[in-house]
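A.B. asks: no sequence for this one, just the structure:
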């Protein structure tokens, strides 16, 4: 009975520890993948920087790239810290497992030693026979025979438990050693990344000092860039307003046609035509969801919030949603800007229909409608879709163009004409 309780206790502890270990392992795997993804972004940004390093004049693209690299390096260090915290928890758990196994092994060995001493005292056949024949009756004799048989089996099981526990202990010690080595490697990575970040911050400081010192040289470029972006954003808002206006016209035409058909039916039946009832004006959202297909598409788009793919297969966010500043110049970004590889494909982030393909300042833009949502892709060198064409998630719609020396794509999401922060919608 005591052995059974001990076995059940060991089994429960083993199952609980296995569950915790699997959870920690998944967390460590996710953190490692995140760290590797950040490193790929840093390398991509550096590759693009190296291509423009030969130019004597600093570009806005280079400034934004260096800023993005600093942010990514900080994210990487933060991820390494999370890895170490998770690994520390795992080391603490594994240390506890080793101590528990050592304690259990000691108890098992003590019990086994007691059984061996008992077996040695009663090892000859005469003692066993005397033990049986000393019984008061046949029933007790039978029980003593069964006891001797079970005792032998029990001793064999106990030996097997000891061997299994020793094996588990050795395995757990190996896991603990591996975790400690991994932590040492993470500490080295952390130190290396901190040094790398310090160098990049120094580079950023020099760039910003150069920008401040020679701002007059860059002011014209900054002003030109801002004016172009303001013009593009104005054009995008006009395109969205045009889509909304067209849907309003369709809705009005549908209502008028329904009224005409109702009046014609009443006339054919010799009845008074139905009185015209002024309907409550529909909201922009209702107008853009004016069909079961558009309503379903809107709901599907919304249900994928936080899981939409990036408009580029690989890239770095160099300009974020909202207000920004470069030197003393300030502006507002209605979306986010991805720096990507030269000639990279630009992809639709969800199923929809191309509402508009246009060009401004020698570059293309594409608007794709997803019910009441509209996604906007700017700064394209070429396009491979046309207005009215249905597209699917991750379908290529064009290629990235060069902007300020860097291959970039600007991406926006609008709901009923209101710009949304794309970072809340795309996968991290």
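C.D. replies: Here it is on my side, so go on. Remember, it's a predicted structure, so these values are computed and weren't measured experimentally.
A.B. asks: per-residue confidence at the residue lying closest to residue 386 once chain neighbours are set aside?
C.D. replies: Across the structure, with C-beta to C-beta, 6 or more residues apart in numbering as the measure, the residue nearest residue 386 apart from its sequence neighbours is residue 357 (6.0 Å). Yep, even glycine has a C-beta here, placed from its N, CA and C like the rest. We note a pLDDT of 94 for residue 357 in this prediction.
A.B. asks: quick check: which element contains the nearest residue to residue 311 once chain neighbours are set aside?
C.D. replies: The shortest distance from residue 311 to any residue that is not its chain neighbour, by C-beta to C-beta, 6+ apart, is 4.9 Å, and that residue is residue 411. For residue 411, the host element (DSSP states H and E) is strand 406-415.
A.B. asks: buried residues in that strand?
C.D. replies: 406, 407, 408, 409, 410, 411, 412, 413, 414, 415 (16 or more other C-beta atoms under 10 Å).
A.B. asks: in TSV: those, plus pLDDT.
C.D. replies: Written out in TSV, the entries for the buried residues of strand 406-415 read as follows (pLDDT from 0 to 100):
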residue	pLDDT
406	86
407	91
408	92
409	94
410	93
411	96
412	95
413	95
414	92
415	92
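A.B. asks: and residue 171, that's in a helix?
C.D. replies: Yes. In this structure, residue 171 lies within a helix as judged by DSSP: H, G, I helix; E, B strand; the rest coil.
A.B. asks: what about it, neighbour count?
C.D. replies: A count of neighbours around residue 171, defined by other C-beta atoms under 10 Å, yields 12.
A.B. asks: just how off-centre is stretch 257-265 within its chain?
C.D. replies: For stretch 257-265, the gap between its own C-alpha mean and the chain's C-alpha mean amounts to 53 Å (C-alpha atoms, centre = their mean, to the nearest Å).
A.B. asks: please read the previous query as pertaining to stretch 195-214.
C.D. replies: So, by C-alpha atoms, centre = their mean, the centroid of stretch 195-214 is 31 Å from its chain's centroid.
A.B. asks: let me see the ranges of the helices in this protein.
C.D. replies: Secondary structure of the chain (DSSP state H): helices at 2-52, 60-121, 125-133, 138-213, 215-268, 284-288, 292-303.
A.B. asks: pLDDT weak spots in the stretch 251-400 of the chain?
C.D. replies: 275-279, 326-329 (pLDDT under 70).
A.B. asks: strands of that one, start to end?
C.D. replies: 316-319, 322-326, 329-333, 336-339, 345-347, 352-360, 363-370, 373-383, 390-391, 396-403 (DSSP state E, counting those that start in this stretch).
A.B. asks: and residue 178, which of those strands is closest to it?
C.D. replies: For residue 178, the closest of those is strand 316-319, at 33.3 Å, according to C-beta to C-beta.
A.B. asks: ok, which of the strands of the stretch 251-400 of the chain comes nearest residue 43?
C.D. replies: Judging those by C-beta to C-beta, what sits closest to residue 43 is strand 316-319, at 9.7 Å.
A.B. asks: quick one: list the elements packing against the closest one.
C.D. replies: In terms of contacts (3 or more C-beta pairs under 8 Å, 6 or more residues apart in numbering; DSSP states H and E), strand 316-319 is packed against helix 2-52, helix 60-121, strand 336-339, strand 406-415.
A.B. asks: what pairs with it, parallel or antiparallel?
C.D. replies: Strands that pair with strand 316-319, judged by DSSP bridges, come out as strand 336-339 (antiparallel).
A.B. asks: what are the contacting residues of the partner strand?
C.D. replies: The contact list for strand 336-339, computed with C-beta atoms under 8 Å, 6 or more residues apart in numbering, reads 44-45, 48, 61, 64-65, 68, 310-312, 315-321, 406-412, 421-423.
A.B. asks: got it, and stretch 178-192?
C.D. replies: Contact partners of stretch 178-192, identified using C-beta under 8 Å, 6+ apart, comprise 77, 80, 81, 83, 84, 87, 88, 90, 91, 94.
A.B. asks: hang on, the fourth one packs against residue 33?
C.D. replies: Think residue 83. No. Under the criterion of C-beta atoms under 8 Å, residue 83 lies out of contact with residue 33, with a separation of 11.0 Å.
A.B. asks: tell me which of the two has more neighbours.
C.D. replies: Counting neighbours by other C-beta under 10 Å for residue 83 and for residue 33 shows that residue 83 has the greater number, 22 against 11.
A.B. asks: so who does the closest residue to that one other than its chain neighbours touch?
C.D. replies: Nearest residue to residue 83, sequence neighbours excluded (C-beta to C-beta, 6+ apart): residue 31, at 4.7 Å. By C-beta under 8 Å, 6+ apart, the residues touching residue 31 are 79, 82, 83, 86.
A.B. asks: for residue 233, give me the pLDDT.
C.D. replies: According to the prediction, residue 233 has pLDDT 83.
A.B. asks: correction: residue 92
C.D. replies: Taking residue 92 on its own, its pLDDT is 77.
A.B. asks: what count of nearby residues applies to it?
C.D. replies: When neighbours are counted by other C-beta under 10 Å, residue 92 registers 11.
A.B. asks: quick one, domains of the protein?
C.D. replies: According to automatic domain parsing, the chain comprises the domains 2-213, 229-245+304-424.
A.B. asks: what about the shortest one, distance to the chain center?
C.D. replies: Between the mean C-alpha location of domain 229-245+304-424 and the chain-wide mean there is a distance of 21 Å, by C-alpha atoms, centre = their mean.
A.B. asks: okay, how far is it across it, tip to tip?
C.D. replies: Domain 229-245+304-424 has an end-to-end distance of 22 Å (criterion: C-alpha to C-alpha, to the nearest Å).
A.B. asks: quickly, which of the helices and strands packed on strand 316-319 bottoms out on average pLDDT?
C.D. replies: Taking each of the helices and strands packed on strand 316-319 in turn, the lowest mean pLDDT turns up on helix 2-52, with a mean of 67.
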